[in-house]
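Novice: A predicted structure for the sequence below; I have some questions about it.
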Amino acid sequence: MNVSGVSASGSAAPHRAHVIVCGNAKGGTGKSTFAMHVAVALLRTGNRVATIDLDTAQQSLTRYVENRRRWVQGTGIAVAVPDHRDVAHHAHDAASEGETFAALADALAGVDAAFDFVVIDTAAGDTFAGRLAHRVADTLVTPLNDSLIDLEALGDLPPAGRGSPSGSGYAQAVAQARDERRRADGRLIDWIVACNRVPVTAAGEAKIAPRLRDMASRLGFRFADGISQRALFDELFATGLTALDEFDGRSANSRANLAHLAARQEMRRLMDHMRLLHGKPPVPGSEPQAGATDAAITPAL
């Protein structure tokens with residue numbers, strides 16, 4: 001995947017990795033958890049998967065992969081591990097945008113030919129690297145906690161009964177990325193909002209559900225159920241494991257319980273909704289072209 005803006009060949013590319021980006025302007029919604037689980041789900045079905053961590057401050061996905069490798073070394077139990085790379089930290093200013101672009105280009109180098117899927121975890125907030133990643137996404141997953149606070153981060157909510165929600169800064173950034181991608185190579189980004197279930201009152205549920213449906217219609221995303229077993233996912237992170245892993249009980253951390261099985265079902269439902277495991281999904285729009293990613297990413301410079 002050449003992102004320098006110059007195509008290496010004038011012929012159609014024989015293979016193109018499907019790029020999945022986990023993004024949200026708000027932190028604490030589980031982007032890294034989703035990224036790792038999506039990567040492992042794809043690995044377990046025989047796909048070649050690379051992961052890229054663009055959250056240079058937190059590096060949660062990088063630490064997740066490191067914990068996973070450490071667990072394998074400590075237990076001797078083999079589990080699939082994605083080919084991981086992270087991007088060096090650069091200051092968030094205009095002067096460093098060229099360095100950020102080059103670092104992301106280096107991280108993406110060669111993934112088209114070597115991998116079937118690339119899963120990218122982004123930082124919270126508005127970053128240059130995050131905007132670049134959104135422009136090359138084929139599938140964008142936005143985890144969202146089931147609360148009015150998180151809905152406000154996705155779209156501006158008017159008082160009840162006084163109009164429909166409008167796009168927030170993040171929703172507008174997604175719309176811009178989708179528009180630039182469509183103009184660059186004719187491809188459409190499939191945007192999925194995964195709503196994490198958190199304890200809410202019946203009154204709160206009644207407020208959230210219709211607003212989320214309205215947002216989906218107005219902002220153009222599909223929404224799916226996210227995760228609810230938050231404590232279990234935190235425990236899994238510490239060992240580098242996922243709810244989708246199968247084990248033989250040789251480690252105390254690998255014995256499945258009811259919460260583990262419930263979390264596994266949640267992630268399987270999400271993967272079904274993403275439509276990635278029923279053969280590699282075609283991206284609406286034109287067929288892959290040489291330099292397609294170049295055209296999508298370059299307008300941001």
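Specialist: Now that the structure is in, tell me what you want to look at.
Novice: Show me where the chain has its strands.
Specialist: Counting by DSSP state E, the chain has strands at residues 18-22, 49-53, 83-86, 117-121, 139-145, 155-156, 166-167, 190-196, 222-225.
Novice: And these, which one averages the lowest pLDDT?
Specialist: Set side by side, those give their lowest mean pLDDT on strand 166-167, at a mean of 56.
Novice: Next, format the strands of the chain as a markdown table and append distance to Met267 and mean neighbour count.
Specialist: For every residue, glycine as well, the C-beta is placed using N, CA and C. Formatted as a markdown table, the strands of the chain follow (distance: least, C-beta to C-beta, whole Å; neighbours: other C-beta atoms under 10 Å):
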| stretch | distance to Met267 | mean neighbour count |
| --- | --- | --- |
| strand 18-22 | 13 | 26 |
| strand 49-53 | 15 | 25 |
| strand 83-86 | 19 | 18 |
| strand 117-121 | 14 | 28 |
| strand 139-145 | 12 | 24 |
| strand 155-156 | 26 | 18 |
| strand 166-167 | 28 | 16 |
| strand 190-196 | 10 | 22 |
| strand 222-225 | 10 | 15 |
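Novice: Report the residue spans of the stretch 101-250 of the chain with pLDDT below the cut-off.
Specialist: Filtered on pLDDT under 70, the stretch 101-250 of the chain yields the residue ranges 156-167, 198-207, 229, 247-250.
Novice: Could you rerun that using 50?
Specialist: Low-confidence segments of the stretch 101-250 of the chain (pLDDT under 50): 161-162, 165, 201-203.
Novice: so where do the helices sit in this structure?
Specialist: For the chain, the helices defined by DSSP state H occupy 31-44, 60-75, 97-108, 111-114, 128-136, 148-154, 169-185, 202-219, 230-239, 258-274, 292-297.
Novice: Keeping just the C-alphas, turn the first one into PDB.
Specialist: This points to helix 31-44. The C-alpha coordinates for helix 31-44 follow below in PDB (Å, rounded to 0.1, in the frame of the first residue of the first chain):
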ATOM      1  CA  LYS A  31     -11.500   1.000  20.500                       C
ATOM      2  CA  SER A  32      -8.400  -1.100  21.300                       C
ATOM      3  CA  THR A  33     -10.600  -3.900  22.600                       C
ATOM      4  CA  PHE A  34     -12.500  -4.000  19.400                       C
ATOM      5  CA  ALA A  35      -9.400  -3.700  17.300                       C
ATOM      6  CA  MET A  36      -7.800  -6.700  18.900                       C
ATOM      7  CA  HIS A  37     -10.900  -8.900  18.900                       C
ATOM      8  CA  VAL A  38     -11.600  -8.100  15.200                       C
ATOM      9  CA  ALA A  39      -7.900  -9.000  14.400                       C
ATOM     10  CA  VAL A  40      -8.100 -12.300  16.300                       C
ATOM     11  CA  ALA A  41     -11.500 -13.200  14.800                       C
ATOM     12  CA  LEU A  42     -10.000 -12.700  11.300                       C
ATOM     13  CA  LEU A  43      -6.900 -14.700  12.200                       C
ATOM     14  CA  ARG A  44      -8.900 -17.600  13.500                       C
END
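Novice: As CSV, the helices of the chain with distance to Ala25 would be great.
Specialist: Converted to CSV, the helices of the chain look like this (distance: least, C-beta to C-beta, whole Å):
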stretch, distance to Ala25
helix 31-44, 11
helix 60-75, 16
helix 97-108, 18
helix 111-114, 26
helix 128-136, 9
helix 148-154, 6
helix 169-185, 4
helix 202-219, 13
helix 230-239, 20
helix 258-274, 21
helix 292-297, 20
